[in-house]
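S.K.: starting from these lines, generate the structure:
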Amino acid sequence: MPFGLIIVVASSALVSERTWADDASVARKVARIELARSIRSFAASTLANGQCLVKAGRLSQRQINQAMPIALREMGISPTVLTNPQVIKAAGMLQPELDDDCGLTSMDAEQARELVNDEL
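M.R.: Alright, predicted model coming up:
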């Protein structure tokens, strides 16, 4: 095999390996972004539900303040996400859509996701 051909073959292998590494890096970044958005979405729905339960008189604000961090920790989520301005705004967008039982029965999960997607 001529020396020039060896260099070309080796170079093309490096380029394809670099492209694969770049693709994997991009995939990890996208996955990280999507995971963060999902976490904020869950936190926003938890916050909206909690606010609804307080407004309906079913639970006190003190009870919600204690229960929400526990619920998030059980899911492996830091309760500090509840102070995220995006989460607070998204919860405010969801709250008017909640029914008397503080559920989203008037809309399906996809509609709820679309409602807050740009915010999160």
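S.K.: could you measure from the closest residue to Thr105 other than its chain neighbours over to Val26?
M.R.: With sequence-adjacent residues excluded and distances taken as Cβ to Cβ, 6 or more residues apart in numbering, Thr105 is closest to Asp99, at 5.1 Å. To be clear about C-beta, it is placed using only N, CA and C from the backbone, and glycine gets the same treatment. Taking Cβ to Cβ, to the nearest Å as the measure, Asp99 falls 40 Å from Val26.
S.K.: what ranges do the helices span in this protein?
M.R.: Applying DSSP state H to the chain gives helices spanning 3-55, 61-74, 85-94, 109-117.
S.K.: who are the contact partners of Glu114?
M.R.: Neighbour list for Glu114: empty [criterion: Cβ atoms under 8 Å, 6 or more residues apart in numbering].
S.K.: how close does it get to Leu94?
M.R.: 12 Å.
S.K.: give me the contact list for stretch 52-64.
M.R.: Against stretch 52-64 from outside (Cβ under 8 Å, 6+ apart): 50-51, 67, 95, 98, 100, 102.
S.K.: max pairwise distance over those: which two?
M.R.: Distances among these were taken as Cβ to Cβ; the most separated pair is Ala67 and Asp100, at 19.9 Å.
S.K.: more crowded one of the two?
M.R.: Ala67 (14 against 8; other Cβ atoms under 10 Å).
S.K.: wait, that one touches Gly50, no?
M.R.: Yes. Assessed by Cβ atoms under 8 Å, Ala67 is found in contact with Gly50 at 7.1 Å.
S.K.: quick one on the thing from earlier: which residues do Glu114 and Leu94 both contact?
M.R.: Counting by Cβ under 8 Å, 6+ apart, Glu114 and Leu94 have no shared contacts at all.
S.K.: many thanks, we can stop here.
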